[in-house]
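[1] Kindly return the folded structure for what I paste below:
(one chain, ligands or ions: 1)
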Amino acid sequence: MHKDIATPVRTKEILKKYGFSFKKSLGQNFLIDPNILRNIVGYADLTKESAAIEIGPGIGALTEHLARAAGKVVSFEIDQRLLPVLEDTLSPYSNVKIVHSDVLKADVVNIIKEELAHYKDIMVVANLPYYVTTPILLKLITENLPIRGMVVMMQKEVADRISATPGTKAYGSLSIAVQYYMNAEVVMTVPKTVFMPQPNVDSAVLRLTRREELPVRVIDESFLFEVVRSSFAQRRKTILNNLQSQLPNGKEKKEYILSALAEVNIEPTRRGETLSIVEFGQLADALYPYFKK
Ligand code: SAM
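    Model prediction:
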């Protein structure tokens with residue numbers, strides 16, 4: 001077994017050798033604690049029959065733990081300066097493929113087909129760049145990748161919003177956008193001290209597991225998400241007020257909105273944050289004939 005990359009001493013050595021300076025704009029906070037890495041990888045339940053997809057390997061701290069646990073690792077890195085570093089630090093591992101690309105622009109579906117065709121079990125495991133956590137997650141979730149789930153580190157506040165349940169302050173359109181497809185749970189909170197440089201915010205690890213079945217079947221998924229976004233437009237407003245002000249011609253269609261709400265037994269004075277995904281689904285279908293036909 002090789003010496004871990006993720007110790008303060010080794011990380012400093014590597015950074016010095018390559019004269020590497022962190023780019024804050026790319027969310028570069030590298031992990032320097034092997035225990036945290038072992039825990040993250042443990043939550044992904046990998047075997048040599050599994051593959052891992054990583055976003056942002058940095059200098060390879062998490063990548064090497066994934067390479068030890070999984071059969072193959074494909075890792076997307078946007079920062080060209082890290083490529084020679086990774087070639088060096090990951091040279092003991094022959095099962096890692098680094099893709100130099102912005103993951104938001106990458107054709108991940110095709111890369112999985114090309115690189116991971118033999119793997120039935122694929123997990124996304126990453127210490128995400130915090131400035132683009134949400135777009136990355138939504139891309140990976142909505143592109144319908146053949147993955148079992150994800151174990152991803154992010155800003156604690158975002159992890160809390162994603163995993164929030166109805167009736168809580170953190171519950172909102174992001175919770176629903178993710179939980180519609182995946183079960184979400186925070187499995188670990190992580191102190192700032194395990195990063196170099198230390199971020200300003202607390203972090204958490206979120207585990208997402210693909211749902212066997214969607215929580216509700218709707219006529220039109222994009223309309224469901226439009227209803228959800230509309231219902232949370234102003235959190236203090238009632239669901240009726242939000243739908244009236246956000247849906248097309250909502251003001252004139254008040255009576256229709258009221259009858260749709262009545263049809264699915266949702267009081268017009270309730271606020272969006274009290275509705276479950278199933279209720280949103282039923283409401284979207286009840287509104288559909290008035291707004292989409
Ligand atoms: N995995 C390493 C670790 O845990 O030490 C580094 C994690 S660091 C929080 C985020 C990494 O994502 C950086 O290496 C950064 O350059 C990279 N990154 C930022 N934006 C990216 C993007 N859009 N696509 C791919 N990689 C990105």
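[2] going forward, measure contacts between C-alpha atoms and count neighbours the same way
    Will do.
[3] What's the local residue count around the closest residue to residue 234 other than its chain neighbours?
    Ranked by Cα to Cα, 6 or more residues apart in numbering and with sequence neighbours excluded, the top spatial neighbour of residue 234 is residue 242, at 6.7 Å. Here the count is done by other Cα atoms under 10 Å, and residue 242 has 22 residues near it.
[4] so what does the helix or strand residue 242 falls within touch, helix or strand wise?
    Using DSSP states H and E, residue 242 sits within helix 239-246. Secondary-structure packing of helix 239-246 (3 or more Cα pairs under 8 Å, 6 or more residues apart in numbering; DSSP states H and E): helix 221-231, helix 254-263.
[5] do that again at 7 Å, thanks
    With contacts defined as 3 or more Cα pairs under 7 Å, 6 or more residues apart in numbering; DSSP states H and E, the packing partners of helix 239-246 are helix 221-231.
[6] Residue 13: how many residues sit nearby?
    Residues lying near residue 13 (other Cα under 10 Å) number 13.
[7] same deal with the one 4 residues further on?
    Neighbouring residues of residue 17 were enumerated by other Cα under 10 Å; the total is 10.
[8] One more: the one 3 residues further on?
    Around residue 20 sit 14 other residues, with neighbours defined as other Cα under 10 Å.
[9] hang on, residue 2 in a helix?
    No: Residue 2 sits outside any helix when classified using DSSP: H, G, I helix; E, B strand; the rest coil, being coil.
[10] Contacts for the helix holding residue 242 next, please.
    230, 231, 233, 234, 250, 251, 254, 268, 269, 270, 271, 272 (Cα atoms under 7 Å, 6 or more residues apart in numbering).
[11] which element is residue 189 on?
    Going by DSSP H and E, residue 189 is in strand 182-190.
[12] Work out which residue lies at the spatial centre of the protein.
    Centroid-nearest residue in the chain: residue 137, 3.1 Å away (criterion: Cα atoms, centre = their mean).
[13] Strands of the stretch 51-200 of the chain, start to end?
    Along the stretch 51-200 of the chain, counting by DSSP state E, counting those that start in this stretch, strands occupy 72-77, 96-100, 121-127, 149-155, 182-190, 195-196.
[14] Could you tell me how far the longest one lies from the centre of the chain?
    Here strand 182-190 is found 11 Å from its chain centre; the criterion is Cα atoms, centre = their mean, to the nearest Å.
[15] in its sheet, what does it sit against?
    Strand pairing for strand 182-190, determined by DSSP bridges: strand 203-210 (antiparallel).
[16] what's the angle from the partner strand to strand 149-155?
    With axes from the mean of the first three to the mean of the last three Cα atoms, to 10 degrees as the basis, strand 203-210 and strand 149-155 are set at 160 degrees to each other.
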